[in-house]
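In: Quick one, fold the following:
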Amino acid sequence: MREELSTYPAVLEVIQTYIDGCAGPDDNKIRSVFHPNAQLFGVFSGKTVVFPIEAWIDRVMGDPKPADDARITPAPTKGPAWWVDSVDVTENMARVVVISRFLDVWYTDLMTLLQTEDGWKIVNKTFTYEKK
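Out: A predicted model of the protein is given here:
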């Protein structure tokens, strides 16, 4: 059964905290919105990559580099460097598509969230990015 729109603000608050944490970067904010067993999936330079959440947080907090085949684009002159493209909530799960610019690369993230005992948590992030 589809949820009422009243559920959306709590889901979007998680996404806002995720974006703020990545922009900081602030590992505590990032960690607060992910389930401790969350994983991230994507493809870099033709290779499938899987990051456990703690390894990905280390990467964000360190000196991450864009993938070799990422297209470097200029920063937007107006408007946000990220936006929510779509939100779908059904019962205790949600799917959110986020478009964001990080390290001058445009990413599309498909976030799966679950309403846990500790509130809404991101349990999976699958991402892609602009290629050359």
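
In: how many neighbours does I19 have?
Out: Neighbours of I19 under the rule other CB atoms under 10 Å: 22. C-beta: built from backbone N, CA, C; applies to glycine.

In: can you check M93 too?
Out: Residues contacting M93 under the criterion other CB under 10 Å number 15.

In: and the residue nearest to it when sequence neighbours are not counted, how far is that from D58?
Out: Distances taken as CB to CB, 6 or more residues apart in numbering put L114 closest to M93, at 5.5 Å, once the chain neighbours are dropped. Applying CB to CB, to the nearest Å, the value for L114 to D58 is 23 Å.

In: Does V50 touch A38 like I think?
Out: No. Checked against CB atoms under 8 Å, the pair V50 and A38 is beyond contact range at 11.2 Å.

In: okay, the two: which has more neighbours?
Out: Neighbour tally, V50 and A38, criterion other CB under 10 Å: the higher count belongs to A38, 22 against 10.
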